[in-house]
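In: model this:
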Amino acid sequence: MRTKAKAAYEALNDSPMRNRIRRQAEVFSAVVYWQPGDYDYATLVREFRRIRETGFTAVRFHTQGPVETGVGQFDFFRSDAWMKAADEAELDVVFHHEHPSPGDAMLAKHGLTRAEFEMLDATDPRFAPPLRDTLAPVVERYKSHRRLYMWVIYGEPSGGARPLDTPEAKAAFGRWLERKYQTVAALDNAWNLYPEKGKAIVAGFDRAWQMVEEGGGGPDALSAVAFTGVKYGAMTDLFRFQSAHYVSRVSKIMDIVNALDPEHPRAVGAHQLFANQPELRWDHGAFARTADLYFSSIHLSWHFGFVANEVDRPVLMMSKLTADMIKGGWASAFETTGGSVAYSGVCANAMTPGLMQRLICAYLAAGNKALAFWTWNPRPGGSEAGEYSLTTLSGAISTWALEAGKLSQLMVKHKREIWNADGEARVGLVQSWDSEAVLLLERIRGGDASQQPVRAQTGAARAMINHRIPFEYVTERELLTGIAGVYDTIYVPHARALSDASLEALAAYVQGGGRLIGDVQFAFVDEHGKLRFNGQGSWQERLFGAWVDTVHDTRTAPMALDGMNVDGLFADLSVPRARVLARFANGAPAVTESKMGLGSAVLVGFDPARMCWRPGNVAMEKWLAELLDGHTTPTFRCSAGVVTRRRSPTADHYFVLNDGTAACNARLDVFDATYQRGDELITGKSLNVDGTCWFDLPPNGAAWVRLERQT
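Out: The predicted structure is shown next:
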């Protein structure tokens, strides 16, 4: 099973460009130079040179793109000057040509209105021509420039709950439904909770939008306090349609850029990786695969309110969410915090050389292979005045900028090992888009339910990070490709809604020798929100030899397990043919396991991952970690810090984050390798590799330990 799964894994993001990027071990470190208005050319060259001399390899053009002056005509004065300055400074250019939407005049030239164009399917022959005519002048002008490094399209997706408020939008929704369901009867079967013979709730594909409006999907699609019976299927399909529509159009734009310039890679990015994706009409896993490089915006001031603005572990999680969406491909923390923030974000942050070390080490530990910072110089006014920058208000290069430049150069120096490194993931942590979509409709709880799957993923990740268990995020779409077998264990936390296709894939994984872990919400409903009745022959019984017979909440019935209070949901488990691994304090079954084929499946009758969402639940984190990976012999131990190992054929790299205020001399014991040389790369100190390895871990800083394998 593992060999076949590994082949499927390698094929996920395979392409000629990816193979070239991997072969060349492409890495870069860039900064945004912020100057949207007039500028002095000599100052531009000087600043670009300072960027290069600090240790960065590229500048990101974000504010000086060509300005459209007519139909297919552009003023290239400023972008030409910037390209010339970059060439003079010997600095590569990441050309950020964001949202290349045709203007109204261009659309009129092609016989389209704005409303028509916005709802065209990407496969519609009318979609590409106005885009090509808008993109071609820019791409053709710079594709042969020796400093052009890559094209960036769509730096942060806009998404949004756009209503079906135009005839074009309603028609596009109907066409999408027809492609998906083929017949109106099949659509009605998916949406109709209370079918009556001879009575359909959907009159036709062209009228399906009426169900969305009745379900609260009108001008304010999520305004209703609660949704009744027949509306769940309509609303979840609306979410799927809008996210798929967006992804398909971006993919087509990428195809156009590639056709115009097949020699330079293309990049797309995302942000708010802890958000409920369907609420924003995003699908990060699908979006990542539209380009050669997938990146994320990771700002301490904007993106961490969900986890009470905690830093190290959530930064590592968000970095992994970036890299794991494009497995085996090119990922980057592309727009990350460059400096201190006082007012412009949700919360403020300092910036120090030690924090910069921790951020960069987290990005690399997660498998990212490029860096980019917001920004080199501060904005002169507005909400970000004087903030986020790598230079000080007097124009001096900051101490944290120098640290970022130093680590960037280390990344370049060791780029081959970084590209060849493996994170050794033993656990696949499933991210259920369908569950997020269904729980988004549980509005009666004030929106709290929509965050439950993300909280569970965060808690599971926290437990594994704190117990040195290597893992990867896995999307449901990836499960269907057959990659599950690369992981010893698959954990599906708080996955309330799972499709038959996902369950078939998980069953095949267990049959082939894998270990599946589900919890109290596992496949409670299907992807349309229809209840899955459990019992003999049900999916839960087939997979687990047990099933959830009733779901309760501890608010009115306190529960305990192994001396720990259980918080949130718990289940009455029926156990006809499974082994009971653990019982609640009242003697009721709490955890079961059954054999299936060559593997096994564990059913947890409560919500342990969600209990670990916030830091501090040490006992439950330990309990969950042992359940996920307790049978595995540790490959290494480290006495301090948050530690991640990535292994290449020539050297192992250990990234150690210290979010404490105390310095320490940390001890590293490795049980599965011997080494001939050791270095702590940030300080440049050589390390003893005879047996135990000791290294200095600075307060609020990081260590990057490289241990060279014996040849």
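
In: which one in this structure is furthest away from the centre?
Out: Among the C-alpha atoms of the chain, the one most distant from their mean position (CA atoms, centre = their mean) is that of Gly198, at 44.8 Å.

In: From Arg416, how far off is that one?
Out: To Arg416, Gly198 is 68 Å away according to CB to CB, to the nearest Å. From N, CA and C alone the C-beta is placed, and that goes for glycine too.

In: Ala86 now?
Out: According to CB to CB, Ala86 stands 26 Å off from Arg416.

In: Now the element after the lengthiest helix in the chain, going C-ward?
Out: The single longest helix within the chain, with elements called by DSSP state H, is helix 231-260. Using DSSP states H and E, the next helix or strand after helix 231-260 towards the C-terminus is strand 266-270.

In: got the CA coordinates for that following strand in PDB?
Out: The C-alpha trace of strand 266-270 is given here as PDB (Å, rounded to 0.1, in the frame of the first residue of the first chain):
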ATOM      1  CA  ARG A 266       3.700  31.500 -11.500                       C
ATOM      2  CA  ALA A 267       2.600  32.100  -7.900                       C
ATOM      3  CA  VAL A 268      -0.700  32.400  -6.100                       C
ATOM      4  CA  GLY A 269      -1.300  33.100  -2.400                       C
ATOM      5  CA  ALA A 270      -3.700  33.000   0.400                       C
END
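
In: What lies in contact with that strand?
Out: 94, 150-157, 250, 254, 257-258, 282, 284, 287-288, 290-297, 322, 332, 334-335 (CB atoms under 8 Å, 6 or more residues apart in numbering).

In: Next step: those restricted to helices.
Out: Per DSSP H, the subset of these in helices is Val250, Met254, Val257, Asn258, His284, Phe287, Ala288, Thr322.

In: The third one and Trp151 touch, don't they?
Out: Yes. With contact defined as CB atoms under 8 Å, Val257 and Trp151 form a contacting pair (5.6 Å).

In: Same drill for these two, tell me which one is more crowded.
Out: Between Val257 and Trp151, counting by other CB atoms under 10 Å, Trp151 is the more crowded of the two (28 against 25).

In: Isn't the more buried one up against Phe95?
Out: Yes. With contacts counted by CB under 8 Å, Trp151 reaches Phe95, the gap being 5.6 Å.

In: Sketch out the low-pLDDT regions of the chain for me.
Out: Across the chain, the stretches falling below the confidence threshold (pLDDT under 70) are 98-99, 158-161, 214-230, 443-447.

In: would you list every one of the helices in the stretch 451-600 of the chain?
Out: Along the stretch 451-600 of the chain, the segments classed as helices by DSSP state H, counting those that start in this stretch run 452-466, 476-479, 500-511, 539-544.

In: got TSV for these, with mean neighbour count and distance to Thr375 too?
Out: Rendered in TSV, the data for the helices of the stretch 451-600 of the chain read as follows (neighbours: other CB atoms under 10 Å; distance: least, CB to CB, whole Å):
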stretch	mean neighbour count	distance to Thr375
helix 452-466	25	29
helix 476-479	22	34
helix 500-511	19	41
helix 539-544	21	50
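
In: Adding distance to Ala365, write those helices out as a markdown table.
Out: Listed next are these as a markdown table, based on distance: least, CB to CB, whole Å:
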| stretch | distance to Ala365 |
| --- | --- |
| helix 452-466 | 10 |
| helix 476-479 | 21 |
| helix 500-511 | 27 |
| helix 539-544 | 33 |
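
In: Nearest to Gly684, out of the ones you listed?
Out: With distances scored as CB to CB, the stretch of the helices of the stretch 451-600 of the chain nearest to Gly684 is helix 452-466 (27.6 Å).

In: returning to what we had before: find the residues that touch each one of Val257 and Trp151.
Out: Val139, Arg266.

In: what are the ranges of the strands in the stretch 451-600 of the chain?
Out: In the stretch 451-600 of the chain, the strands defined using DSSP state E, counting those that start in this stretch lie at 471-475, 489-492, 515-518, 547-553, 559-561, 564-566, 569-574, 579-583, 589-596, 599-604.

In: Then the stretch 251-400 of the chain?
Out: If DSSP E, counting those that start in this stretch is used as the criterion, the strands of the stretch 251-400 of the chain fall at 266-270, 293-298, 330-337, 370-374.

In: Ala333 contacts Leu316, correct?
Out: No. In this structure, Ala333 is not within contact of Leu316 by CB under 8 Å, at 10.8 Å.

In: quick one: which of the two has more around it?
Out: Neighbour tally, Ala333 and Leu316, criterion other CB under 10 Å: the higher count belongs to Ala333, 27 against 24.

In: so how far is Val32 from that one?
Out: In this structure, Ala333 and Val32 are separated by 13 Å, where distance is defined by CB to CB.

In: Between the two, which contacts overlap?
Out: Each of Ala372 lies in contact with both Ala333 and Val32 under the rule CB under 8 Å, 6+ apart.

In: ok, the residue lying closest to Arg614 once chain neighbours are set aside - how many residues close by?
Out: Closest residue to Arg614 in three dimensions, ignoring its sequence neighbours and counting by CB to CB, 6 or more residues apart in numbering: Ala308, at 7.1 Å. Here the neighbour count serves as a burial measure; for Ala308 (other CB under 10 Å) it reads 11.

In: my guess is Ala308 contacts Thr458, does it?
Out: No. Using CB under 8 Å, Ala308 is not in contact with Thr458; the gap is 11.1 Å.

In: quick revisit: from the ones in helices among the contacts of strand 266-270, which would you call buried?
Out: The neighbour-count criterion (16 or more other CB atoms under 10 Å) marks Val250, Met254, Val257, Asn258, His284, Phe287, Ala288, Thr322 among those as buried.

In: check contacts around the fifth one.
Out: Under the criterion of CB under 8 Å, 6+ apart, the contact partners of His284 comprise Ala270, Leu273, Gln277, Leu321, Met325.

In: 6 Å instead?
Out: Applying CB atoms under 6 Å, 6 or more residues apart in numbering, one finds that His284 lies in contact with Ala270, Met325.

In: Use 13 as the first number from now on
Out: Understood, numbering begins at 13; the last thing we discussed is His296.

In: hmm, back to that, quick check: which of the strands of the stretch 263-412 of the chain is nearest to Pro465?
Out: Judging the strands of the stretch 263-412 of the chain by CB to CB, what sits closest to Pro465 is strand 278-282, at 17.6 Å.

In: quick one: the closest one to strand 382-386, angle?
Out: Here strand 278-282 runs at 60 degrees with respect to strand 382-386, directions being taken by axes from the mean of the first three to the mean of the last three CA atoms, to 10 degrees.

In: one step back: do you know how far the residue farthest from the centre of the chain is from Ala558?
Out: Taking CB to CB, one finds Gly210 at 39 Å from Ala558.
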